[in-house]
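Trainee: Fold the following and give me the result.
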Amino acid sequence: MSRLLRMALVLLLLIAGALLGGWAYVHRQALSWQWASYQVGAAESYEDAREKIARFEQGPDAPARLRVLVAKWGAGNPQFDRHLAQYAVAGESSMALRRAFSRELGRRPELLPRWAHFWCWRAPIEPDRQIASILDYLDALAFDEGPAADPSLTWRELLDLQAIFTLSGHADRAARLTPEGWREYYRVWRETRQDTIQHVPRPAGPLPE
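Mentor: Sure thing, here's the model as predicted:
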């Protein structure tokens, strides 16, 4: 290899290194969030993962960090998926995290069956009874025409409804739900269905795999 060619290769490597370093510097914040998301999936226990997830909820840039976090759900790490889904249904989860998670399910509706599977596994009582209890509550809320009625749902309740719609074969409705606009979807669904949701057993494990 000639000296000139070696010098050209060295120069190209220096330029590539400088460009890569500049890109990493500009995107250092996003890269740190990606690394923090990886650590959630690498956590050996839910207790350890819970502390790491809680950090995403803190600070003025929390919405952006949470979007990075929930985008990892269903991306190939079952342990991460279990940790994040368990946190989303736990009492310590913030509204902001549940909102980000619900919106991510709406953005990627192919993940809704995965969420419904976890929801059934994690239900505090048998899934059938849990669904019936939630539907009784939502019926009262959705069909109350009183002037003081507030039909808005919490993001936790919306996640419940997304799972139920999916289990009934209506993931398309689940993907379009919002806390303020859920009622019309729900009322049409309840008024036009001639059957009931089939028996929903509790899965053996938290995720389909």
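Trainee: I'd assumed Ser152 was in contact with Glu180.
Mentor: Yes. Counting by Cβ atoms under 8 Å, Ser152 is a contact partner of Glu180 at 5.5 Å. The C-beta positions use only the backbone N, C-alpha and C, and glycine is treated the same way.
Trainee: of the two, who's got more company?
Mentor: Ser152 (14 against 10; other Cβ atoms under 10 Å).
Trainee: OK, contacts around the more buried one?
Mentor: Pro179, Glu180 (Cβ atoms under 8 Å, 6 or more residues apart in numbering).
Trainee: measure it to Pro179 for me?
Mentor: Going from Ser152 to Pro179 by Cβ to Cβ, to the nearest Å gives 5 Å.
Trainee: Give me the below-cutoff pLDDT ranges for this structure.
Mentor: 1-28, 146-150, 194-196 (pLDDT under 70).
Trainee: What strand or helix carries the residue most central in space within it?
Mentor: Per Cα atoms, centre = their mean, the C-alpha nearest to the average position across the chain is that of Phe101, at 2.9 Å. Assessed by DSSP states H and E, Phe101 sits inside helix 95-107.
Trainee: tell me which residues in that helix are buried?
Mentor: For helix 95-107, a neighbour-count test (16 or more other Cβ atoms under 10 Å) marks Leu97, Arg98, Arg99, Ala100, Phe101, Ser102, Arg103, Glu104, Leu105, Gly106 as buried.
Trainee: Give me the helices and strands touching it, please.
Mentor: helix 62-70, helix 78-89, helix 155-167, helix 171-175 (3 or more Cβ pairs under 8 Å, 6 or more residues apart in numbering; DSSP states H and E).
Trainee: do you know which of those helices lies nearest His199?
Mentor: helix 155-167 (10.6 Å; Cβ to Cβ).
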